[in-house]
Structure formats: structure tokens, C-alpha cells
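> Next come a sequence and a model predicted from it.
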Amino acid sequence: MVEERTGRPFSEDTPSSAQEALERLSKGTGLFKAIRVRDKEGPLEVTIDHSRMLGSCSLAWSEHPRLHERTGCVGCSAVLCAMARVHKRPLRIVSVKDGKGSVTYELERV
């Protein structure tokens, strides 16, 4: 469903176009203010600025503090799945930081 609303499957994107793919996700669904990708030589860094999903993300942080270390809330999980599809390989969460409205993940390519 999410991929349909973005206009093109994430699997058709390449890692170099990950930022563009996630911008489609952000604008196509209206669920996020912004999604930023920083592809360092080692781990990937993805920052998700929530809008509509902020309430559920905040609730997940307060009621299930370790959830984001494993899969993320519903919104974060959608972004992480899109990243894995763009990269055409599994990604492992190395670390996560709650920025009160934004979440920053460091991801390792598996």
C-alpha cells in the first residue's frame, strides 16, 4: 500500500537514490515531515521527522522503550523496510536516538 502511494516500487531504486525514494515516501503518504539519509562509508544514518505518526511513535517510546532498537514503531518500521528494499538487502539497527519528534537510526548492511 505504501509503495503504491509513492508512485514507484522502492525495489526499482538504487542506494544512491535512497534520499529521493524516501522523499517520495514522505510526500506521497503525508505521514512524515522529512526523512533524511546519510550514507557514510560504514553505517547508514536515517533521520525520520514525524508528523502524523508522532503520537504513535511517542507512545511507543514511552510504553515500549526498547521497541525502536528492534523494529521501530509503525512509521519508523515503514521507513526502515523501504530502506531495506532500496538497498536490496537486510539492514540491522545498530543504534537509535529519540529526538522528541525525530528518530535517528544507524543501520548496518547485512
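Now that the structure is in, tell me what you want to look at. Numbering: from 1, shown residues only.
> same question for stretch 55-65, mean pLDDT?
Averaging pLDDT along stretch 55-65 yields 93.
> Buried residues, it. List them.
By neighbour count on 16 or more other CB atoms under 10 Å, the buried set for stretch 55-65 is 57, 60-61. The C-beta positions use only the backbone N, C-alpha and C, and glycine is treated the same way.
> pLDDT weak spots in this protein?
For the chain, applying pLDDT under 70 flags the ranges 1-18, 21, 28.
> just checking, what packs against the lengthiest helix in the chain?
Looking across the chain with DSSP state H, the single longest helix is helix 74-87. Judged by 3 or more CB pairs under 8 Å, 6 or more residues apart in numbering; DSSP states H and E, the packing partners of helix 74-87 are helix 2-6, helix 18-29, strand 32-39, strand 44-50, helix 54-63, strand 91-98, strand 102-109.
> repeat that with 10 Å
helix 2-6, helix 18-29, strand 32-39, strand 44-50, helix 54-63, helix 67-70, strand 91-98, strand 102-109 (3 or more CB pairs under 10 Å, 6 or more residues apart in numbering; DSSP states H and E).
> So which of the ones you listed is nearest residue 81?
Residue 81 sits nearest to helix 2-6 of all the helices and strands packed on helix 74-87, at 8.3 Å, using CB to CB.
> who's in contact with the nearest residue to residue 68 once chain neighbours are set aside?
In space, and not counting its chain neighbours, residue 68 is closest to residue 96: 4.7 Å by CB to CB, 6 or more residues apart in numbering. By CB atoms under 10 Å, 6 or more residues apart in numbering, the contact list for residue 96 reads 46, 61, 66-70, 72, 76, 103-107.
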